[in-house]
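Colleague: Turn this into a structure:
(2 chains)
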There are 2 protein chains.
Amino acid sequence: MVGPEIERLIALLARLPGLGPRSARRAALALVERKDSLLDPLVRALAQVAHTVKTCPICGNFDSCEPCAICADPTRDESQLCVVADVGSLWAMERTGAFKGRYHVLGGLLSALDGIGPDDLAIESLRARAASGRFSEIILALPATVEAQTTAHFVQDRLAATGIRLSALAQGVPVGGELDYLDDGTLSAALKARRTLS
Amino acid sequence: MVGPEIERLIALLARLPGLGPRSARRAALALVERKDSLLDPLVRALAQVAHTVKTCPICGNFDSCEPCAICADPTRDESQLCVVADVGSLWAMERTGAFKGRYHVLGGLLSALDGIGPDDLAIESLRARAASGRFSEIILALPATVEAQTTAHFVQDRLAATGIRLSALAQGVPVGGELDYLDDGTLSAALKARRTLS
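Modeller: Residues are numbered from 1 along each chain as shown, chains lettered A, B, ... in the order given. Next up is the predicted model:
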């Protein structure tokens, strides 16, 4: 007995990650109840994003300027290029504040299961950037999955001719992590990659 | 390093019930990534709801028609009026399909703590509807909280002069509920309200 307009809104909200049918219903209700303070501003914010946000032609990040703020920032380190699978990973790296170089978004990971091949990813443009001679190191910041390993091997292969230094994120015990709660794979990897202290 | 447009969208999404700052970020990312299939339809659906959905002047439900589809439905039982705290409760009652009468949304519950008094709720209009003589029973479908009890007592007081029959939802063991996992209050209430079987 909910009107078709609200039903359509609920169905769309339920497609957002983190919202199921029940929470989408609650979110829709909150929006209708708070029209002036929530619904109207959200319409404007979404329309604004829809109109202005574009994919950066250089790195693949989302931003309202072209090239994106990171690519356009002259204070960032020109010698390091960080390769990430998606924009979410790029944002995660930026939140750490630990990386001050440039980025390259692959747009996914190689996956035979999902039918994602090398041509579906921004690997050729990565090779071109690597071959430009501007970067002295390329850091692969990929997740610790089988697809990411396959992708890393493939990228390494394609970049071999450029002679550029390639590195990857370290695997090991997460900060604050208890050994007892850690999975065996991570613990084995941390042991294998142990650092010499003295 | 996320643009101001996306930051504003994340801040607004985080104000929806069920979404925290982290899931709002993921939702914003999903929206930007799926502009045609998710972002644009959501903008249209929200704008549609913002333009068309109104509060029904009779019962307080949200709908695009005035009066709402429930108030306008001639097949519904004219003799029963179900009083609910908010539109979310009305929708929950409708989902059960067990009630075929009319509704009255109070717009909240009496709460000295939150400064919500009788004048902030649709109690006077409820008295007027009860006094119209159209209804033979008023069912209080309020939550099982202290505020709801206070509100129920107050409503009962205000409707006493109308002589109308007043009832409330039963309290007891939820369907599928295990006694072992039930709180003491519910179990005591279920015992006190026990039904005679033979």
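
Colleague: Any figure for the gap between residue A:191 and residue B:29?
Modeller: With distances taken as C-beta to C-beta, to the nearest Å, residue A:191 is found 35 Å from residue B:29. From N, CA and C alone the C-beta is placed, and that goes for glycine too.

Colleague: cool, residue A:50 as well?
Modeller: With the distance defined as C-beta to C-beta, residue A:50 ends up 14 Å from residue B:29.

Colleague: Could you do residue A:35 as well?
Modeller: Distance, residue A:35 to residue B:29, by C-beta to C-beta: 26 Å.

Colleague: which of the residues in the helix or strand harbouring residue A:151 are buried?
Modeller: Assessed by DSSP states H and E, residue A:151 sits inside helix A:146-159. Within helix A:146-159, the residues that qualify as buried by neighbour count (16 or more other C-beta atoms under 10 Å in any protein chain shown) are A:147-148, A:151-152, A:154-155, A:159.

Colleague: Reformat those residues as a markdown table; add distance to chain B.
Modeller: Listed next are the buried residues of helix A:146-159 as a markdown table, based on distance: C-beta to the nearest C-beta, whole Å:
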| residue | distance to chain B |
| --- | --- |
| A:147 | 18 |
| A:148 | 18 |
| A:151 | 19 |
| A:152 | 23 |
| A:154 | 23 |
| A:155 | 22 |
| A:159 | 25 |
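
Colleague: quick check, nearest of those residues to residue A:88?
Modeller: Minimum separation from residue A:88 among the buried residues of helix A:146-159 (C-beta to C-beta) is found for residue A:148, which lies at 13.8 Å.

Colleague: Let me see the contact set for that closest one.
Modeller: Neighbour list for residue A:148: A:85, A:109, A:142 [criterion: C-beta atoms under 8 Å, 6 or more residues apart in numbering or on different chains].

Colleague: domains in chain A, as residue ranges please.
Modeller: Here the domain parsing of chain A from automatic domain parsing is A:4-51, A:77-168.

Colleague: what are the ranges of the strands in chain A?
Modeller: The residue ranges that make up the strands of chain A, judged by DSSP state E, are A:54-55, A:62-63, A:80-84, A:102-105, A:137-141, A:165-168.

Colleague: contact partners of the fifth one?
Modeller: The contact list for strand A:137-141, computed with C-beta under 8 Å, 6+ apart, reads A:79-84, A:89, A:93, A:99, A:101, A:126, A:130, A:152, A:155, A:159, A:164-169.

Colleague: Any idea which helix or strand in chain A has the lowest mean pLDDT?
Modeller: Lowest mean confidence among the helices and strands of chain A (mean pLDDT, DSSP states H and E): helix A:184-192, at a mean of 84.

Colleague: Only alpha carbons, please: show that helix as PDB.
Modeller: Written as PDB, here are the backbone C-alpha positions of helix A:184-192 (Å, rounded to 0.1, in the frame of the first residue of the first chain):
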ATOM      1  CA  ASP A 184      46.900 -19.300   8.600                       C
ATOM      2  CA  GLY A 185      47.600 -17.800   5.200                       C
ATOM      3  CA  THR A 186      48.400 -14.400   6.600                       C
ATOM      4  CA  LEU A 187      50.500 -15.800   9.400                       C
ATOM      5  CA  SER A 188      52.500 -18.000   7.000                       C
ATOM      6  CA  ALA A 189      53.100 -15.000   4.700                       C
ATOM      7  CA  ALA A 190      54.200 -12.900   7.600                       C
ATOM      8  CA  LEU A 191      56.600 -15.500   8.700                       C
ATOM      9  CA  LYS A 192      58.000 -16.000   5.200                       C
END
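
Colleague: In it, which residues are buried?
Modeller: By neighbour count, and taking 16+ other C-beta under 10 Å as the criterion, the buried residues in helix A:184-192 are A:186, A:190.

Colleague: how much space is there between the residue lying closest to residue A:134 once chain neighbours are set aside and residue A:133?
Modeller: Using C-beta to C-beta, 6 or more residues apart in numbering or on different chains and skipping the chain neighbours, the partner closest in space to residue A:134 is residue A:78 (6.0 Å). As defined by C-beta to C-beta, residue A:78 lies at a distance of 11 Å from residue A:133.

Colleague: same deal with residue A:90?
Modeller: Following C-beta to C-beta, the distance that separates residue A:90 from residue A:133 is 23 Å.

Colleague: Compare the two (neighbour count), which wins?
Modeller: Looking at residue A:90 and residue A:133 with other C-beta atoms under 10 Å in any protein chain shown, you find the greater number of neighbours at residue A:90, namely 27 against 9.
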